[in-house]
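J.: Next comes the sequence, and after it the predicted model I'd like to discuss.
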Amino acid sequence: MSQDRITWIRLSSCYLPLATPISDAKVLTGRQKPMTEIAMLFAEVETKDGHRGLGFSYSKRAGGPGQFAHAKEVAPALLGEDPSDIARLWTKLCWAGASVGRSGIGVQAIGAFDVALYDLKARRAGLSLAKLLGAQRESVRCYNTSGGFLHTPIDQLKVNAAASIARGIGGIKLKVGQPDGRIDIQRVEAVRQHLGEHVPIMVDANQQWDRPTAQRMCRIFEQFNLVWIEEPLDAYDHEGHAALAATFDTAIATGEMLTSAAEHGDLIRHRAADYLMPDAPRVGGITPFLKIAAQAEHAGLMLGPHFAMELHVHLGAVYPTEPWVEHFDWLEPLFNERLEIEGGRMRVPTRPGLGLSLSEQARSWTRETAEVGERA
């Protein structure tokens, strides 16, 4: 039995500024304001024997202070625990905050601890996270999203897409969901003609369409040979997504907004997606992500994890069938290391754990910290 114990935890609330305010369909339809920053929650865990792990979660537009506050409240429950008992500790943290439920902000705060414990375990073993979990491949297909937002003019959209492909990224995702659908069609058609038929293209409507509009737009988009149409409907309209998936040749992708393994299980039971898009920090970390992936594999679904490529490159490498991992360069300033991209693929880091360390820039953007326990 391991005698090592968790003795010290540091939490950091870090706000990553975005160079350009980001607009998708939720902004153009008045549901949200442009996004200007991302709230990161970092958890650093250390043991009596000197082993360390780094984990993170995040929120966009709102929720950062709440995640930090919840994490600070439940963190003492980890002190004195064996860091190897990750699944048991996830449950313990969940019950420590049981009154706020088993999804949403409560489990997103737990996610930072969960990722840190997996990082610690892999580092201690001298293995990358992917190798610790059982990698299927040494690289994953990747596609870029950050160059395709709705605030980007068509000419710049084409420049961004071509630059991503030239950089070695394998596919391009374009945001759609304009109030005027004709503009969506023009933008997708322009990029398809600019890149040619061989380049994989995805589109993302960010939940903006009603069912008749989604039917119409999915039918029109069939001609562009897309990899998938993402979130054409409200994220919880599983029956509507299932109808689209059954009707059209183009795959339907959804799942990024769901915040627990149970919610993903409901989506899978409805056959509401061809590509499932779980977000590990959003569902509560690696422990619930692996439960979701097992359900998806059993259902024969393809996988396209949402955001956080620094984590999902490892988790995508573990999935039995070839996934697509989303490339966002937004989080890069937070870490000293960079992912390698070549030939349409993202290489899985071979460094122990996640292969990440916090940069001085991340420290400078940190607004609040909290520590529990004592360093060894």
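T.: Looks like it arrived, so ask away.
J.: so residue 317 touches residue 347, yeah?
T.: No - counting by CB atoms under 8 Å, residue 317 does not reach residue 347; the two are 9.5 Å apart. Placement of C-beta: from N, CA and C, glycine included.
J.: neighbour-wise, which of these two wins?
T.: Legend: neighbour count by other CB atoms under 10 Å for residue 317 and residue 347, higher for residue 317 (24 against 16).
J.: Which helix or strand contains that one?
T.: Take DSSP states H and E as the rule and residue 317 turns out to sit in helix 309-318.
J.: rewinding a little: shared neighbours of residue 317 and residue 347, anything?
T.: Both residue 317 and residue 347 are contacted by 138, 139, under the criterion CB atoms under 8 Å, 6 or more residues apart in numbering.
J.: Now residue 328. Its backbone dihedrals?
T.: In terms of degrees, to the nearest 10, the main-chain angles of residue 328 are phi -130, psi 130.
J.: any idea how far it lies from residue 16?
T.: 11 Å (CB to CB, to the nearest Å).
J.: Would you mind finding the longest strand in this protein?
T.: For the chain, the longest strand by residue count, based on DSSP state E, is strand 6-22.
J.: Mean confidence (pLDDT) on it, please.
T.: Averaging pLDDT along strand 6-22 gives 91.
J.: Return the set of buried residues in it.
T.: For strand 6-22, a neighbour-count test (16 or more other CB atoms under 10 Å) marks 6, 7, 8, 9, 10, 11, 12, 13, 14, 16, 22 as buried.
J.: my read: the second one touches residue 45, true?
T.: No - using CB under 8 Å, residue 7 makes no contact with residue 45, being 9.2 Å away.
J.: quick one on the thing from earlier: the helix holding residue 317: what's the following helix or strand?
T.: With secondary structure assigned by DSSP H and E, helix 309-318 is succeeded by strand 324-327.
J.: Quick check: neighbours of that following strand in the sheet, parallel or antiparallel?
T.: Within its sheet, and counting by DSSP bridges, strand 324-327 is paired with strand 139-144 (parallel).
J.: Leaving out sequence neighbours, find the closest residue to residue 68.
T.: In space, residue 68 comes closest to residue 13 once its chain neighbours are excluded; the distance is 4.1 Å by CB to CB, 6 or more residues apart in numbering.
J.: scratch that, residue 322
T.: Going by CB to CB, 6+ apart, residue 322 has residue 141 as its nearest residue, at 6.2 Å.
J.: is that neighbour in a bridge, and if so with what?
T.: Beta-bridge pairing for residue 141 (DSSP bridges): residue 324, residue 345.
J.: give me the number of residues near it?
T.: Residue 141, neighbours per other CB under 10 Å, totals 20.
J.: What separation do you get for it and residue 187?
T.: 23 Å.
J.: Phi first, then psi, for residue 257.
T.: Per-residue torsions, residue 257: phi -90, psi -10 (degrees, to the nearest 10).
J.: so how far is the longest strand of the chain from its chain's centroid?
T.: 15 Å (CA atoms, centre = their mean, to the nearest Å).
J.: same check, this time on stretch 213-232
T.: Taking the mean of its C-alpha atoms, stretch 213-232 sits 23 Å from the chain's own mean (CA atoms, centre = their mean).
J.: And stretch 97-110, by the same measure?
T.: In this view, stretch 97-110 has its centroid 18 Å away from the chain centroid, taken as CA atoms, centre = their mean.
J.: Which residue ranges of the chain form helices?
T.: Taking DSSP state H to define them, one finds helices in the chain at 25-28, 64-74, 86-96, 105-125, 129-133, 154-167, 181-195, 211-221, 238-247, 261-269, 280-283, 286-298, 309-318, 360-364.
J.: most neighbours per residue, which of those helices?
T.: helix 280-283 (a mean of 28; mean count of other CB atoms under 10 Å).
J.: now for that one, which elements pack on it?
T.: The contact analysis (3 or more CB pairs under 8 Å, 6 or more residues apart in numbering; DSSP states H and E) places helix 280-283 against strand 52-60, helix 105-125, helix 286-298, helix 309-318.
J.: same for the first one, what does it pack against?
T.: When contacts are defined as 3+ CB pairs under 8 Å, 6+ apart, strand 52-60 sits against strand 35-47, helix 64-74, helix 105-125, helix 280-283.
J.: Give me the residues contacting it.
T.: Here strand 52-60 makes contact (CB under 8 Å, 6+ apart) with 35, 38-46, 66-67, 83, 105, 108-109, 111-121, 123, 281-282, 285, 307-308, 311, 353-354, 356-358.
J.: quick one: low-confidence parts of the stretch 1-150 of the chain?
T.: The stretch 1-150 of the chain contains residues with pLDDT under 70 at 1, 25, 28.
J.: change it to 80
T.: Applying pLDDT under 80 to the stretch 1-150 of the chain flags the ranges 1-2, 21-32, 34-35, 98-99, 101.
J.: I'd say residue 14 and residue 364 touch.
T.: No - using CB under 8 Å as the test, residue 14 is too far from residue 364 to be in contact (9.1 Å).
J.: you'd agree residue 162 is up against residue 191?
T.: No - contact between residue 162 and residue 191 fails when scored by CB under 8 Å: they sit 9.1 Å apart.
J.: Are there residues contacting both of these two? Which ones?
T.: Counting by CB under 8 Å, 6+ apart, residue 162 and residue 191 have no common neighbour.
J.: contacting residues for the closest residue to residue 138 other than its chain neighbours?
T.: Using CB to CB, 6+ apart and skipping residues adjacent in sequence, the residue nearest residue 138 is residue 348, 5.6 Å away. Each residue near residue 348 by CB under 8 Å, 6+ apart is listed here: 128, 130, 135, 137, 138, 139, 140, 313, 314, 317.
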